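Engineer: The amino acid sequence is not available; the structure is as follows:
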């Protein structure tokens with residue numbers, strides 16, 4: 001899957017707003033080129049009040065998020081908020097237990113499901129360059145993450 005494939009899939013889900021950070025969007029320069037997916041069916045939520053249910057990150061964030069070595073040519077990371085139950089089913093331990101198990105994962109491996117290197121404790125998972133091994137799983141997780149975002153939105157409104 002390319003970044004464009006992922007973006008097309010996610011914006012095909014109902015009520016999704018996709019934002020690719022850029023100078024024109026007023027985003028911080030470090031985030032330019034990264035994409036954020038929100039459930040905002042009316043398109044009226046304040047941008048600083050929305051939480052993405054998935055993101056695509058295209059580079060390392062020095063001093064914070066470098067475990068995936070995203071500065072390699074052509075490498076990007078799909079990040080998905082899957083929820084605690086799904087995280088444990090997918091990864092094999094609950095999010096709160098991840099810190100003690102983080103050394104077991106290769107966060108630089110392509111086309112492999114891993115806990116998010118910085119947000120695993122918030123029940124986020126990641127795949128670098130989803131491909132033949134993980135594309136179907138990525139789409140399934142994105143659909144489920146969207147459903148969770150819809151539920152959160154309904155509880156708030």
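Structural biologist: Now that the structure is in, tell me what you want to look at. Only a predicted model underlies this, so the values are computations on that prediction, with no experimental measurement involved. Residues are numbered from 1 along each chain as shown.
Engineer: remind me, longest helix of this structure?
Structural biologist: Counting by DSSP state H, the longest helix found in the chain is helix 135-156.
Engineer: could you say what helices and strands it packs with?
Structural biologist: When contacts are defined as 3 or more CB pairs under 8 Å, 6 or more residues apart in numbering; DSSP states H and E, helix 135-156 packs onto helix 3-11, strand 35-39, strand 77-81, helix 84-91, strand 124-128. In this view, the C-beta of every residue, glycine as well, is placed from N, C-alpha and C.
Engineer: Point out where the protein drops to low pLDDT.
Structural biologist: Within the chain, the ranges that satisfy pLDDT under 70 run 46-49.
Engineer: If the residue sitting nearest the centre point of it is in a bridge, with which residues?
Structural biologist: The chain has residue 79 as the residue nearest its centroid, 2.0 Å off, counting by CA atoms, centre = their mean. Applying DSSP bridges to residue 79 gives these bridge partners: residue 55, residue 126.
Engineer: Contact partners for it?
Structural biologist: Residues near residue 79 by CB atoms under 8 Å, 6 or more residues apart in numbering: 54, 55, 56, 57, 116, 119, 124, 125, 126.
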